[in-house]
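1. Fold the following, please.
(chains A and B)
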Amino acid sequence: MKESLMDVICCPLDKAPLELDVDDADDEEVLAGTLTCTECGETYPIEDGIPNLLPPDMREEAAA
Amino acid sequence: MTGDGDERGGGGAERGGAERGGGLAERRGVDDVVVYQPAEDSGLLAEAAVAEAHGRVLEVGTGSGWVAERVATERDLDVVGSDLNPHAAREARERGVEAVVADLLSPFRADAFDAVCFNPPYLPTDPDNEWGDWMERALSGGESGRELIEPFLADVDRVLAPDGVVLLLVSSLTGYDEVLDLIDEAGFAADPVVEESFPFETLTVLALRRA
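-> Numbers count the residues shown, from 1 in each chain, chains lettered A, B, ... in the order given. Prediction:
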């Protein structure tokens, strides 16, 4: 994901802004990292350049 | 999602499973088997979106990312593609689409997008006949055919910027008048942008603007 995506995404639970922690990036994009809700503290992973912004209960269902 | 719509609505298990498996998987990678691939409905939505979209664009349920990619390349717009299915998000990203795994509009900010496109899973599906895989999630609109359209329309006003437009694909199988009622309830006025009839359904892309 490009860092500009931060302008349009929010926590799916309470719509609060997210904070980006970058673990891996190239010139253009964040490839791995974590998005953390500044309100409720829920975390959302970024893997292979794709943020998973499903609410936690749906994330587990989707992985199954 | 047409032509054989009747067959998928009733006997979707064969369609979603075996027929799309095997050969496709070997030729084009595992993700394709569980990701809805571009069809007539995708072509119509792309045509409407290329004509009507402006500014920052979101495609909900982007699937393979084909529509999002066309809008991005033909109009040179910033397009985000979201899908519940992580396989779909991967495929969209491979096309160069900014991809997000999301449930409908839930992780998007208020006023974030000037255009929102959606080709919803719309086939009315008997609960006893649901087959429970990613392809079902891409095709089935629940018993009414409107189970994803309802929550989408209830929330889309929030993410839409002033003067924004929603491009929604509607099939006659889903109940055109019922969808128009939902659009009205959500505070939008609808204008058809493109329409095409097929043996089993008529597909219309509606442009929704705040009434």
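2. Give the next helix or strand downstream of the lengthiest helix in chain B.
-> Longest helix in chain B, counting residues (DSSP state H): helix B:40-52. The helix or strand immediately downstream of helix B:40-52 is strand B:57-60, counting by DSSP states H and E.
3. Residue numbers of chain A in contact with chain B?
-> Counting by C-beta under 8 Å from any C-beta of the partner chain, the residues of chain A close to chain B are A:1-2, A:4-5, A:7-12, A:15, A:44, A:48-55, A:58, A:62. C-betas here are computed from N, CA, C, even on glycine.
4. Just the buried residues of those.
-> Listed as buried from the residues of chain A next to chain B are A:1, A:5, A:8-12, A:44, A:49-55, A:58, A:62; burial here means 16 or more other C-beta atoms under 10 Å in any protein chain shown.
5. Take the residues you listed and keep only those in strands.
-> A:44, A:50-51 (DSSP state E).
6. Could you export the residues you listed as TSV, including distance to B:G96?
-> Output for these, formatted as TSV (distance: C-beta to C-beta, whole Å):
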residue	distance to B:G96
A:Y44	23
A:I50	13
A:P51	16
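7. what's around the closest residue in space to A:P17 that isn't next to it in sequence, how many residues?
-> Distances taken as C-beta to C-beta, 6 or more residues apart in numbering or on different chains place A:T38 nearest to A:P17, at 5.1 Å, with adjacent residues excluded. Neighbourhood size, A:T38 [other C-beta atoms under 10 Å in any protein chain shown]: 12.
8. what sits against A:T38?
-> By C-beta atoms under 8 Å, 6 or more residues apart in numbering or on different chains, the contact set of A:T38 is A:11, A:16-19.
9. go on, B:V116?
-> Contacts of B:V116 (C-beta under 8 Å, 6+ apart): B:57-60, B:105, B:156, B:159-160, B:164-167.
10. now do B:A154
-> B:A186.
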